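1. Have a look; sequence and predicted model below, questions after that.
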Amino acid sequence: MFTDLSKLKKTNISIPKGTHFYLFSDGRIGIYTYEFLSIYNITTYQVELTLDYKTFAKYENDYDLWGELVCLTELSNGYLVLGFGRGLGLTNMIIDIKDNKPKLIEKFEIKNGDYCCRRIIRFNMKEKEYFIAGDYSPQIFNANKPFNEIATLDISISEMIQIKDSNLLAYINDNKFSLLDLSNIEKDKQAKEIKRITFNKGNYNKLLQYKDEVIILDKNLVQFINLKNYENICVELNKEFYSLSHFSAMCVLFNGQLLVWSSDGELIKIDIDKKEIIQKINIEPKANFYNVQCLAYKDKYLLFADEEKLYEINYDEKDEIKNYEEKEPKYSLESFKKEENNIVKKIIEEKDLKEQGKGYCRPPYVFYDIYRYKSLQKKFPMYKENQIFCLSMKEYNNLKEENKKFFINLSNNDKIPPK
């Protein structure tokens, strides 16, 4: 079966703004923000349990147990591991929610410099189970009592997964993809790096595995890495240079195709085998969530979108969409490269330092924005200030090094004035 993205429909199901979600082993879905975790029946969408700062207050003299909930994972014993951010005095929790009666099982701390636990995953090696917590020097803990720490990994991560049926941890950090072998982690207390791939550019934010490939999502790129030969194939999602679409969500659909979604409301379906875009649509109104997410579950997939409502679609198409053709961009990166010398030359000629305050230690891209802002504003009159800044940042990041030097020098000379 296939699915036509144009048949996506908004439901009447309300969801909280700024949401993450997590699919539990029993088919329920956890929807959570900083303030609370609600567990829904995915068939009826009725809330069966809500956890917040009041839930575990009885275990402490105050409410400091609950900070900002930013991640969670479910262990095979049914316990949930909750990771909190922004709370120097806070610990993270392992809880039991059996029979919808939440119980605090254990508290644990991480060594991260700011005590924020932004990433947690479950990790299995044969009959043993662990969980890995933290994004800076993440720690490995036993998944059963006494939940003792096994080792600390000397890495920084933005996303991580376990490679299926292996002892390999895959993770990304900025534009680097790495594989670690954790087979001897209890004995050696160290992981063995077996592969690292550095991409030319990008700041990758999502990671998943499909069959023998790892799929990595950047704001405007999808990288496919073959785990057998480490061949790397890239698919560019939007070739329009001045597009503001930032793709930050993806999932594999029931039919083995890849769905990617941007906060600008753009949906793209990709044939994973052929590495080709096979459908593109833009849903209105545009999504405005802090965390854009999508999920494929059984015979449907779900999108968190605008107006705090859930979008969904069923797999009911017998024939695949076959008439999609990728259009050539009106203005591509190559177009900008041809003009960048003239753009920078004009900025230098028209700049007026007297009109700008000195002494802020501003980075080079800020100076680029200062002198480029008005011309971009004229070119894109409907864009807001922060959007214009995004465009100028994109231009600056794609400048040749010789064209960046002028703005780097401005930054180096931008000293903090004496008090």
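-> Received, thanks. Since the model is a prediction, treat every value here as computed from it, not as a measurement. Numbering: from 1, shown residues only.

2. so what are the domain limits for the chain?
-> The chain breaks down by automatic domain parsing into domains covering 5-314, 333-412.

3. hey, which of these is tucked in deepest?
-> Compared across these, domain 5-314 shows the largest average neighbour count, a mean of 17 (mean count of other Cβ atoms under 10 Å). Just so you know, the C-beta spots here come from the backbone N, C-alpha and C atoms, and that holds for glycine as well.

4. What is the end-to-end distance of that one?
-> 10 Å (Cα to Cα, to the nearest Å).

5. show me the contacts for the nearest residue to Leu37 once chain neighbours are set aside.
-> Leaving aside its sequence neighbours, Leu37 sits nearest to Leu51 (Cβ to Cβ, 6 or more residues apart in numbering; 4.6 Å). Remark: with contacts taken as Cβ atoms under 8 Å, 6 or more residues apart in numbering, Leu51 is in contact with 36-38, 95, 97, 102.

6. just for the stretch 51-200 of the chain, where's the confidence low?
-> Applying pLDDT under 70 to the stretch 51-200 of the chain flags the ranges 58-64, 86-90, 113-115.

7. now the strands for it?
-> 68-74, 80-85, 92-96, 103-108, 120-125, 128-133, 139-142, 149-152, 159-162, 168-173, 176-181, 192-198 (DSSP state E, counting those that start in this stretch).

8. if I look at Lys300, how far off is Lys201?
-> Remark: distance between Lys300 and Lys201 (Cβ to Cβ, to the nearest Å) = 35 Å.

9. Kindly state the beta-bridge partners for Cys234.
-> Gln223 (DSSP bridges).

10. isn't it right next to Leu221, touching?
-> Yes. Contact criterion Cβ atoms under 8 Å: Cys234 and Leu221 qualify, at 5.7 Å.

11. Counting residues, which helix of this protein comes out longest?
-> helix 333-350 (DSSP state H).

12. What is it packed up against?
-> Judged by 3 or more Cβ pairs under 8 Å, 6 or more residues apart in numbering; DSSP states H and E, the packing partners of helix 333-350 are helix 364-379, helix 385-397, helix 401-412.

13. between that helix and helix 364-379, how many degrees?
-> 100 degrees (axes from the mean of the first three to the mean of the last three Cα atoms, to 10 degrees).

14. pretty sure Ser243 is in a helix, no?
-> No. Ser243: not assigned to a helix; according to DSSP: H, G, I helix; E, B strand; the rest coil it is coil.

15. follow-up on the earlier one: which one of the contacts of Leu51 is nearest to Tyr210?
-> Of all these, Tyr210 sits closest to Leu37, with 27.9 Å by Cβ to Cβ.

16. Quick check, that closest one in contact with Leu72.
-> Yes. Counting by Cβ under 8 Å, Leu72 is a contact partner of Leu37 at 7.2 Å.

17. Which neighbours do these two have in common?
-> Shared contacts of Leu37 and Leu72 (Cβ under 8 Å, 6+ apart): 30, 82.

18. Relative to Glu240, which of the helices and strands packed on helix 333-350 is closest?
-> Closest to Glu240 of those is helix 385-397 (Cβ to Cβ; 11.1 Å).

19. for the closest one, packing partners?
-> Counting by 3+ Cβ pairs under 8 Å, 6+ apart, helix 385-397 packs on helix 333-350, helix 364-379.

20. roughly how far is the first one from the heart of the chain?
-> Put plainly, it is helix 333-350. 32 Å (Cα atoms, centre = their mean, to the nearest Å).

21. ditto for stretch 98-117
-> Centroid displacement of stretch 98-117 relative to its chain, using Cα atoms, centre = their mean, is 22 Å.

22. Quick one: residues in contact with that stretch.
-> Residues contacting stretch 98-117 (Cβ under 8 Å, 6+ apart): 39, 48-49, 51, 55-56, 59, 65, 70-71, 78-79, 83-88, 90-97, 133-139, 141, 145-147, 152.

23. Pull up the distance across it, start to finish.
-> Per Cα to Cα, stretch 98-117 runs 24 Å from first to last residue.

24. Then stretch 165-178?
-> Stretch 165-178 has its terminal residues 17 Å apart, counting by Cα to Cα.

25. Mind listing residues that contact it?
-> 123, 125, 132, 155-163, 179-183, 191, 193-205, 207, 209, 214, 216, 223, 225.

26. if you set the cut-off to 6 Å instead, what comes out?
-> Residues outside stretch 165-178 that contact it (Cβ atoms under 6 Å, 6 or more residues apart in numbering): 125, 156-161, 163, 179-183, 196-199, 202-204, 207, 214, 216.

27. hang on, Asn92 packs against Val81?
-> No. Asn92 is beyond contact range of Val81, at 7.1 Å (criterion: Cβ atoms under 6 Å).
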